[in-house]
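Peer 1: coordinates only, sequence not included:
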């Protein structure tokens, strides 16, 4: 009996360490890890309801919001490649000799996390830490989201060291597992060369571009994860002006951010990009309000353009608040 006491003590200490952080702190670590941690491994996803489907086995590399997935099983999907760089998603289908270019699914994932937080704030969901388990040879804590009546709805197995989700389950209201995805092998942290995320496919593959020209966000915070530089905002707005939306475009495959301000009479647009900007750039003229003034400058490796038909004093106030 004494032989097992050290093992029992270690398990108890691990559980106490997991409980030392609140469920919301674990959720925050999980969200932070999705944006920052690099990993490499193999993942298996299974759908059990409404009808069981063959498991999908993937080789995956990930660095923050960028990821590359290579499908290994089932056999009909073997050889497919999916690359998401935070703005675009490239899906290579070898059997069709086609590459589909779609919007990144990262904004959708961001909205799901925000919806989860809103449901927690409204107390429609309850978070709890259920204990410590091993997944892919690594120690994880089990975080569970349940309905107020205690019925579990979703579970995450979170790597204790790095905060990465190593296993996730979605459950039905009856407690049945609808879907499970988990790593069966993982390296943390991993060194992933940037070229792993470059969309390089066989030259005979036909590209089918179904990417919309513009992505619209309600705030800078929503758009920031998909832009490789810090989006700057005026430190003070003129009276009556408010941010209407944030738009993200791809120009020559590079992101162009525009912040749209208005007081319901006149408008101001703040553009930010690493592309070269000139006051007479054709795409700026196409996007500018009628009779707009244009001011262009650089700060570091980011170029800025302020366009607007607001009164000169308002235009100058915004320009000074950005510099």
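Peer 2: The structure has been received and is ready for your questions. None of these values were measured; they are calculated from a predicted model.
Peer 1: and residue 31, which helix or strand is it part of?
Peer 2: helix 23-36 (DSSP states H and E).
Peer 1: which residues touch that helix?
Peer 2: Contact with helix 23-36 is made by 21, 64-65, 109, 113, 116, 120, 127-129, 141, 143, 156, 158-159, 162-165, 225, as judged by Cβ atoms under 8 Å, 6 or more residues apart in numbering. C-beta: built from backbone N, CA, C; applies to glycine.
Peer 1: pLDDT score for the residue nearest to the spatial centre of the chain?
Peer 2: Centroid check for the chain by Cα atoms, centre = their mean gives residue 106 as the closest residue, at 3.9 Å. On pLDDT, residue 106 comes in at 75.
Peer 1: same check on residue 20?
Peer 2: Note on residue 20: pLDDT of 66.
Peer 1: residue 281 now?
Peer 2: 68.
Peer 1: identify the residues contacting the closest residue in space to residue 45 that isn't next to it in sequence.
Peer 2: For residue 45, ignoring the flanking residues on the chain, the nearest one in space by Cβ to Cβ, 6 or more residues apart in numbering is residue 181 at 4.1 Å. Neighbouring residues of residue 181 by Cβ under 8 Å, 6+ apart: 43, 44, 45, 46, 167, 168.
Peer 1: would you indicate which residues of the helix or strand hosting residue 181 are buried?
Peer 2: Counting by DSSP H and E, the element that carries residue 181 is strand 177-187. For strand 177-187, the neighbour count (16 or more other Cβ atoms under 10 Å) marks 180, 181, 182, 183, 186 as buried.
Peer 1: of these, which is the nearest to residue 99?
Peer 2: Nearest to residue 99, judged by Cβ to Cβ, of the buried residues of strand 177-187 is residue 181 at 24.6 Å.
Peer 1: for residue 118, see how far away that closest one is.
Peer 2: Distance, residue 181 to residue 118, by Cβ to Cβ, to the nearest Å: 24 Å.
Peer 1: can you report phi and psi for residue 313?
Peer 2: With angles defined as degrees, to the nearest 10, residue 313 sits at phi -60, psi -40.
Peer 1: touching, the residue nearest to the centre of the chain and residue 225? I think so.
Peer 2: Yes: between residue 106 and residue 225 there is a contact under Cβ atoms under 8 Å: 6.6 Å.
Peer 1: okay, and the common contacts of the two?
Peer 2: Contacts common to residue 106 and residue 225, judged by Cβ under 8 Å, 6+ apart, are 65, 86.
Peer 1: so after the helix holding residue 31, what's the next helix or strand?
Peer 2: That would be, after helix 23-36 and using DSSP H and E, strand 38-47.
Peer 1: can you give the contact residues for that next one?
Peer 2: Contacts of strand 38-47 (Cβ under 8 Å, 6+ apart): 52-53, 55-64, 72, 136, 162, 164, 178-192.
Peer 1: now do 6 Å
Peer 2: Residues outside strand 38-47 that contact it (Cβ atoms under 6 Å, 6 or more residues apart in numbering) are 53, 55-63, 179-181, 183-190, 192.
Peer 1: now residue 136. Its backbone dihedrals?
Peer 2: Main-chain torsions, residue 136, degrees, to the nearest 10: phi 50, psi 30.
Peer 1: cool, and residue 76?
Peer 2: Residue torsions, per degrees, to the nearest 10, at residue 76 are phi -60, psi -20.
Peer 1: do residue 148 as well
Peer 2: Main-chain dihedrals, residue 148, degrees, to the nearest 10: phi -60, psi -30.
Peer 1: that one and residue 280: what is the separation?
Peer 2: Residue 148 sits 59 Å away from residue 280, taking Cβ to Cβ as the criterion.
Peer 1: what is the burial count for residue 322?
Peer 2: For residue 322, the tally of surrounding residues (other Cβ atoms under 10 Å) stands at 18.
Peer 1: kindly report the same for residue 226.
Peer 2: Residue 226 is flanked by 19 other residues according to other Cβ under 10 Å.
Peer 1: could you do residue 235 as well?
Peer 2: 8.
Peer 1: measure it to residue 322 for me?
Peer 2: According to Cβ to Cβ, residue 235 stands 8 Å off from residue 322.
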